[in-house]
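S.K.: From the sequence below, what's the structure:
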Amino acid sequence: MAVKNKKRADEKHSTDILENPDVLADQLSRTEEFIEKNRGIVFGISGLILLVVAGVFGFRYYKNSQNAQAQSEMFQAIYYFESDSLDLALNGDGNNLGFVDISEEYAITDAGNLANFYAGTAYLKQEKFKLAILYLEDFNSSDLLIQARAYSLIGDAYMELADYQNAASFYEKAANYKPNKYFTPQYLMKAALAHEKLNANSAAIEAYQTIIDQYWESAEFQNARKYKARLESAS
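M.R.: All right, here's what the predicted structure looks like:
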């Protein structure tokens, strides 16, 4: 009851301020008096808020302009990448930056982030697996396909290094990232192979079974059945 009475009193006080000119004038007078007495604090806080707002908009403008510049720089690097001129794609040609420099100089931009993906993929093709892992782990995206692809490529690099535990872990991350019928079965097959390398047959069977149960329309379905049967007969 006390709480209800307090609430009613608060509501009445608010109504008095809005409806009674004398009460409203008194309230405004108190506010002005507070501002006058605390002018330094009030204007200091206001200035700080303005600085923060200006800083946010300034950073957004700077980031957008940097991203546009990075995209322009990446055009030639992507051309070299698609032409399999991987050294030029990675390190540039003297006139245009390569993915390595773009990823460093434009690190805060989306283009700089994407340069990590390209650099990691290029290093993987060059069989520089530790560098591939380094750059691919620096890449992040909310995209349906490309983030899972990055996880899978990291798994490929670990497989080449015979680090089957990490390979299996990243293949599973790829398979579990926004699963879809097009690529998830491929990642599950890779995860199963890594598990087999570790002699973790039950985990491999589980991966094959997921393909059989959930992705029976995929190209991997028949192989998943065959490999699962082989493991079960061997146990």
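
S.K.: buried residues in stretch 154-161?
M.R.: I154, G155, D156, A157, Y158, M159 (16 or more other CB atoms under 10 Å). (Each C-beta comes from the backbone N, C-alpha and C, glycine too.)

S.K.: and the last one, what does it touch?
M.R.: Which is M159. Going by CB atoms under 8 Å, 6 or more residues apart in numbering, M159 touches A167, K190, A194, K197.

S.K.: ok, the residues you listed vs A174, which is closest?
M.R.: K190 (7.8 Å; CB to CB).

S.K.: Surely the closest one touches Y171?
M.R.: Yes: counting by CB atoms under 8 Å, K190 touches Y171, with 4.5 Å between them.

S.K.: so what sits against both of the two?
M.R.: The contact lists of K190 and Y171 share S152, G155, where a contact means CB under 8 Å, 6+ apart.

S.K.: who has more neighbours, the two?
M.R.: Y171 (29 against 22; other CB atoms under 10 Å).

S.K.: least trustworthy helix or strand in the protein by mean pLDDT?
M.R.: helix 2-19 (a mean of 48; mean pLDDT, DSSP states H and E).

S.K.: Just the buried residues of the helix or strand containing V100, please?
M.R.: V100 belongs to helix 99-105 when assigned by DSSP states H and E. For helix 99-105, the neighbour count (16+ other CB under 10 Å) marks F99, V100, D101, I102, S103, E105 as buried.

S.K.: Take the contacts of M159 and keep only those in helices.
M.R.: A167, K190, A194, K197 (DSSP state H).

S.K.: what does the host helix or strand of L114 rub up against?
M.R.: L114 belongs to helix 110-125 when assigned by DSSP H and E. Outside helix 110-125, the residues within contact range by CB under 8 Å, 6+ apart are 67, 70-71, 73-74, 77-78, 81, 84, 86, 89-90, 99-100, 102-107, 129, 131-141, 146, 150, 153-154, 156-157.

S.K.: just the buried members of those residues?
M.R.: By 16+ other CB under 10 Å, the contacts of helix 110-125 give 67, 70-71, 73-74, 77, 81, 86, 89-90, 99-100, 102-103, 105-106, 129, 131-136, 138-139, 141, 150, 153-154, 156-157 as buried.

S.K.: The spatially closest residue to E73 that is not a sequence neighbour: neighbouring residues, count only.
M.R.: Closest residue in space to E73, ignoring its immediate chain neighbours: L97 at 4.7 Å, by CB to CB, 6 or more residues apart in numbering. Counted with other CB under 10 Å, the neighbours of L97 add up to 22.

S.K.: What backbone torsions are found at L97?
M.R.: phi -70, psi 150 (degrees, to the nearest 10).

S.K.: Next one: it from N91, what distance?
M.R.: 9 Å (CB to CB, to the nearest Å).

S.K.: quick one: low-confidence ranges for this structure?
M.R.: 1-67, 235 (pLDDT under 70).
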